[in-house]
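> based on what follows, work out the 3D shape:
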Amino acid sequence: MIRNRLGCSRRSASSSTGRRADSHVVTSSAATGRQIAESTPDVAILTSATDPVRLLFLKVPEGKTGKNRMHLDFQAVDRAAEVARVCGLGATEHATHQDYGLTWTVMTDPEGSEFCIVQA
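Okay, here's the model as predicted:
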């Protein structure tokens, strides 16, 4: 799992479907604690020295029109604190849900891609 300093985790790759990959990449880098290994106007790669999973962001001409093709969850020891932290990075909080024995908050990044922060 990819872990940041607050114990959040996610494992996956993603492609940006927004108009400005830069804001998406900067927010994702700060949220995950990963370094921007490569960044061009069309491609960005986030990596970690301790985890082999990398995040790849590709700029595409289409805007987001529906659900994400892939959904990412961050697991946090303190969900509310992590929601506040990523909001400070440019994410937007939408709704908090409780079901299946879990509590999670639906968020969007600056490009409108959805992700959730789940209480550990």
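
> got phi/psi on the spatially most central residue of the chain?
For the chain, the residue whose C-alpha lies nearest the mean C-alpha position (C-alpha atoms, centre = their mean) is Ser28; its distance is 5.1 Å. Listed backbone geometry of Ser28 is phi -70, psi -40, with angles given as degrees, to the nearest 10.

> my read: it touches Arg54, true?
No - contact status for Ser28 versus Arg54: not in contact, 11.6 Å apart, counting by C-beta atoms under 8 Å. From N, CA and C alone the C-beta is placed, and that goes for glycine too.

> identify the contacts common to the two.
Overlap of the contact sets of Ser28 and Arg54 (by C-beta atoms under 8 Å, 6 or more residues apart in numbering) consists of Arg34, Leu46.

> for stretch 101-114, measure first residue to last.
Taking C-alpha to C-alpha, to the nearest Å, the first and last residues of stretch 101-114 lie 21 Å apart.

> mind listing what Thr92 touches?
Listed by C-beta under 8 Å, 6+ apart, the contact partners of Thr92 are Met107, Thr108.

> measure it to Met70 for me?
Thr92 sits 19 Å away from Met70, going by C-beta to C-beta, to the nearest Å.

> and Pro61, what element?
Element membership of Pro61 [criterion: DSSP states H and E] is none; it lies in no helix or strand.

> let me fix that, I meant to ask about Leu46.
Per DSSP H and E, the secondary structure element for Leu46 is strand 43-47.

> chain center to that strand, what's the gap?
Put simply, strand 43-47 sits 13 Å off its chain's centre (C-alpha atoms, centre = their mean, to the nearest Å).

> partner strands of that strand, parallel or antiparallel?
The strands beside strand 43-47 in its sheet (DSSP bridges) come out as strand 35-39 (antiparallel), strand 55-58 (antiparallel).

> for the first one, buried residues please.
Meaning strand 35-39. Under the neighbour-count criterion of 16 or more other C-beta atoms under 10 Å, strand 35-39 has Ile36, Ser39 buried.

> give me the phi and psi for Ser23.
According to degrees, to the nearest 10, the main-chain angles of Ser23 amount to phi -70, psi -40.
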